[in-house]
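> let me see the structure of the following:
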Amino acid sequence: EVQLVESGGGLVQAGGSLRLSCTASGFNFNDYAIGWFRQAPGKEREGVSCIRTRDGDTYYADSVKGRFTFSSDSARNTVYLQMNNLKPEDTGVYYCHLTSSMGRYWGQGTQVTVSS
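Numbering: from 1, shown residues only. Next up, the predicted model:
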């Protein structure tokens, strides 16, 4: 069973930084995409950043380009989202997500709150 466990959320003032972590376990396929979605109160879940293992392409939503950095540690099966210069509109629940030919998987989510 694929499991995704996030950590690193919290409360931060605008302009501050947080780093989210997601550790994946329970899978043995090599071709997949893993990354982050977020959902703000009253809004739909949106993609933030992800990487596709097939070619190493990394995606960023326009709203986070230049502020967020996606990275991975394959030895630990862990991916990270370094979030700098956070804005109140970055507030939401951040979900780790993995998609492959075997299905789509979600973490439990971690709350990020940015105060103005």
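> residue nearest the centroid of this structure?
Nearest to the mean C-alpha position of the chain, by CA atoms, centre = their mean, lies residue 36 at 2.5 Å.
> what's opposite that residue in the beta bridge?
When bridges are called by DSSP bridges, residue 36 pairs up with residue 49, residue 96.
> that one and residue 96 touch, don't they?
Yes. Under the criterion of CB atoms under 8 Å, residue 36 makes contact with residue 96 at 6.2 Å. C-beta here means a position set from N, CA and C on the backbone, and glycine is covered the same way.
> which neighbours do these two share?
Residues within reach of residue 36 and of residue 96 at once, by CB atoms under 8 Å, 6 or more residues apart in numbering, are 20, 22.
> hey, where'd the strands end up in this structure?
Using DSSP state E, the strands of the chain run over residues 3-7, 10-13, 18-25, 32-39, 46-52, 58-60, 68-73, 78-83, 92-100, 103-106, 110-115.
> switch those over to JSON lines; also include mean pLDDT.
Listed next are the strands of the chain as JSON lines, based on pLDDT from 0 to 100:
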{"stretch": "strand 3-7", "mean pLDDT": "95"}
{"stretch": "strand 10-13", "mean pLDDT": "98"}
{"stretch": "strand 18-25", "mean pLDDT": "96"}
{"stretch": "strand 32-39", "mean pLDDT": "95"}
{"stretch": "strand 46-52", "mean pLDDT": "95"}
{"stretch": "strand 58-60", "mean pLDDT": "95"}
{"stretch": "strand 68-73", "mean pLDDT": "94"}
{"stretch": "strand 78-83", "mean pLDDT": "96"}
{"stretch": "strand 92-100", "mean pLDDT": "96"}
{"stretch": "strand 103-106", "mean pLDDT": "95"}
{"stretch": "strand 110-115", "mean pLDDT": "98"}
